[in-house]
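Test case, fold it:
(chains A and B)
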Amino acid sequence: DAKTTQPPSMDCAEGRAANLPCNHSTISGNEYVYWYRQIHSQGPQYIIHGLKNNETNEMASLIITEDRKSSTLILPHATLRDTAVYYCIVRVVGYSTLTFGKGTMLLVSP
Amino acid sequence: GAVVSQHPSRVICKSGTSVKIECRSLDFQATTMFWYRQFPKKSLMLMATSNEGSKATYEQGVEKDKFLINHASLTLSTLTVTSAHPEDSSFYICSARRPGDSYNEQFFGPGTRLTVL
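Residues are numbered from 1 along each chain as shown, chains lettered A, B, ... in the order given. Below you'll find the model as predicted:
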């Protein structure tokens, strides 16, 4: 079973920030938080990952709470092309396997 | 970023036939590749882990004699669905890991849609 809990769906208006939450209350000290997304009928795409500090790249920002029991993926200016299923995954670095949960279906509307 | 391709992108076959799906890492050598299966409106399920030059490691419940995996080179892994049946219809996705990547990142292919009639 996946070790994360995400809302099944979220809506966001185009141009607004999309904030996708993830609960991982049983995360271990050596586990990272990874985010992937899957656009319909495509393979998953890596977005970002972090351990305990907030991270930002060209796609998104990742905010991890101090107790590391939850995190939020932020798409600062959502576009229609960001409509996808977003997966939050916790994983030990050095361990290859990814376990996908059900994810959050983000629908960005005009 | 690293590029992984799959071929074919979609295939339709008759029940009882075998289908081969190719997964290639285009700009890096992948010592480890992974095969996933995704049923409609479901999440990805790992089927097997494939290491170059050795036998694949299958997840529990995945029939190794039905889903033959060959990873004969550092840039190519193949999944053969033998004696396919309608219940094997699914979206098959591969991913590849780039050696030396400190975070063991996986790069995914675009997927292959298999429909068995």
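
Around chain B, which positions in chain A sit nearby?
A:32, A:38, A:41-46, A:49, A:87, A:93-103 (C-beta under 8 Å from any C-beta of the partner chain). (Each C-beta comes from the backbone N, C-alpha and C, glycine too.)

hmm, try it at 10 Å
Contact residues, chain A versus chain B (C-beta under 10 Å from any C-beta of the partner chain): A:2, A:32, A:34, A:36, A:38, A:41-46, A:49, A:85, A:87, A:91-103, A:105.

Report whether stretch B:58-67 contacts chain A.
Yes. Stretch B:58-67 is in contact with chain A by C-beta under 10 Å from any C-beta, via B:Glu59.

Okay, helices next: where are they in chain B?
In chain B, no helices are found when defined by DSSP state H.

And the strands in it?
B:4-7, B:10-13, B:19-25, B:32-38, B:45-51, B:57-58, B:67-73, B:76-81, B:90-97, B:106-108, B:112-116 (DSSP state E).

ok, now chain A?
Counting by DSSP E, the strands of chain A are A:9-13, A:18-23, A:31-38, A:45-50, A:55-56, A:61-64, A:70-75, A:84-92, A:104-109.

What count of nearby residues applies to residue 32?
This is for chain A. The local packing of A:Tyr32 (other C-beta atoms under 10 Å in any protein chain shown) involves 17 other residues.

if you could check chain B rather than the one you did, that'd help
18.

cool, and B:Glu87?
Counted with other C-beta under 10 Å, residues neighbouring B:Glu87 total 9.

Please name the nearest non-neighbouring residue to it.
Leaving aside its chain neighbours, B:Glu87 sits nearest to B:Val116 (7.9 Å; criterion: C-beta to C-beta, 6 or more residues apart in numbering or on different chains).

Tell me what that neighbour is bridged to.
Under DSSP bridges, the beta-bridge partners of B:Val116 are B:Cys13.

any idea how far A:Leu107 is from the one residue in chain B that gets nearest to chain A?
Closest approach between chain B and chain A, counting by C-beta to the nearest C-beta: B:Phe108, at 3.5 Å. For B:Phe108, the distance to A:Leu107 equals 22 Å [C-beta to C-beta, to the nearest Å].

what does B:Val116 give?
B:Val116 is 31 Å from A:Leu107, by C-beta to C-beta.

Same drill for the two, tell me which one is more crowded.
Legend: neighbour count by other C-beta under 10 Å for B:Val116 and A:Leu107, higher for B:Val116 (20 against 14).

And the pLDDT at the more buried one?
pLDDT recorded at B:Val116 is 97.

Contacts only, for it.
Residues near B:Val116 by C-beta atoms under 10 Å, 6 or more residues apart in numbering or on different chains: B:11-17, B:19, B:81, B:83-90.
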